[in-house]
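Asker: just a sequence and a predicted model for now, questions to come.
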Amino acid sequence: MLQLAALLLLNDDPLIVIQKGELPIVISAPHGGRLSIPDCPLRTNKSLPQFVTVLDTNSDKLAEETAKELEKLTGKKPWLIVAKFSRKYVDANRPLEHGTESDSGKAVHRRYHDALRQAVDASRSEPGALLLDFHSQGNTKDLIFRGTANLRSLKRDSLRDLIEPTGFLGELERAGLKFQPKAENAEEKEHPSFDGGWITRTYGASSERGINALQIEVGADYRSKATVTDTAQKIAQALKNRVLKN
């Protein structure tokens, strides 16, 4: 009851969108927010590892639209944790000590991961459990880079359902989305800049919590105002068809 009460309280947080799930699908988007954090200074310490402050444009919108479309298809909600705060203040895809430079920023970082841990812990033992972490990239606009820490964030017995031609990514390719690595080359090395971030590695299959975790870095052609809903519909349909077991 205490965990549920805490989660319901977090639902009133203006800086984080949190939706309690009924499906074992956890959707995260840590870099799409634009809001400032009261009494929180901008991040300026460029000596920190992987210091980046740029916006992942429309990654939040794509995550939220995917959650809506999945609910339409299944009648049930996935878990949804989306940052509305700007990455200029807090980077929730970094360890606490690298993701912000103030106590107020640390409090927001903790709230994001308190919610994400609750979602993962509630889902990880269920058939088809998956953490899907949404990002955007400007490297190649008609491509989605897969990030799994070169498969370490996935359980070996889940590869067929998730990243091989008969699985989740294979269905998305048949729906017109291009991936790197391609589903037919599922065990190929991932792009070193997009091979899975801190969230994927912290919650993924090789971690203590051990949920299947998949990061997607989405190019502009698939997340523009004109295309974001179509992409979300395709992702939701593939989740229903290839990941969920019931």
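Answerer: Yep, that arrived. Note that the structure is a prediction, hence the values are computed from the model and not measured. Numbers count the residues shown, from 1 in each chain.
Asker: so which residues of the chain form strands?
Answerer: For the chain, applying DSSP state E gives strands covering 16-19, 25-29, 79-83, 130-136, 144-147, 179-180, 213-218.
Asker: buried ones in the fifth one?
Answerer: Along strand 144-147, these residues count as buried under the neighbour rule (16 or more other C-beta atoms under 10 Å): 144-147. All C-beta atoms are positioned from the backbone trio N, CA, C, and that covers glycine.
Asker: distance of the spatially most central residue of the chain relative to Trp198?
Answerer: Nearest residue to the geometric centre of the chain (C-alpha atoms, centre = their mean): Asp133, 1.3 Å. Distance from Asp133 to Trp198, counting by C-beta to C-beta, to the nearest Å: 10 Å.
Asker: same check on Ala92?
Answerer: Separation of Ala92 from Trp198 (C-beta to C-beta) stands at 9 Å.
Asker: so for these two, which residue has more residues nearby?
Answerer: Between Ala92 and Trp198, counting by other C-beta atoms under 10 Å, Ala92 is the more crowded of the two (27 against 18).
Asker: that one contacts Lys84, doesn't it?
Answerer: No. Ala92 is not in contact with Lys84 according to C-beta atoms under 8 Å; the separation is 11.2 Å.
Asker: shaky segments in the chain?
Answerer: Low-confidence segments of the chain (pLDDT under 70): 1-11, 246.
Asker: which one's the longest helix in it?
Answerer: In terms of residue count, the longest helix belonging to the chain (DSSP state H) is helix 103-123.
Asker: grab the nearest non-local neighbour of the residue in the chain sticking out farthest from the centre.
Answerer: Ranked by distance from the centre of the chain (C-alpha atoms, centre = their mean), the top residue is Asp39, with 27.1 Å. Leaving aside its sequence neighbours, Asp39 sits nearest to Ser104 (C-beta to C-beta, 6 or more residues apart in numbering; 4.9 Å).
Asker: number of nearby residues for that neighbour?
Answerer: Every residue meeting other C-beta under 10 Å relative to Ser104 is counted, giving 15.
Asker: then Lys234?
Answerer: Per other C-beta under 10 Å, the neighbour tally for Lys234 reads 19.
Asker: excluding sequence neighbours, find me the nearest residue to it.
Answerer: Ala175 (4.4 Å).
Asker: with Val82 instead?
Answerer: In this structure, Val82 finds its nearest non-sequential neighbour in Val17, 4.1 Å apart by C-beta to C-beta, 6+ apart.
Asker: circling back to that earlier point, which residues pair with the residue nearest to the centre of the chain across the strands?
Answerer: Under DSSP bridges, the beta-bridge partners of Asp133 are Ser28, Gln215.
Asker: now do the contacts for it.
Answerer: 28-30, 93, 147, 197, 199-200, 213-216 (C-beta atoms under 8 Å, 6 or more residues apart in numbering).
Asker: how about 7 Å then?
Answerer: 28, 199-200, 213, 215 (C-beta atoms under 7 Å, 6 or more residues apart in numbering).
Asker: top of the residues you listed by neighbour count?
Answerer: Ala213 (32 neighbours).
Asker: how about it, what does it touch?
Answerer: Going by C-beta under 7 Å, 6+ apart, Ala213 touches 131, 133, 153, 200, 203-205.
Asker: now for Lys106, how many residues are close by?
Answerer: For Lys106, the neighbour count with other C-beta under 10 Å is 16.
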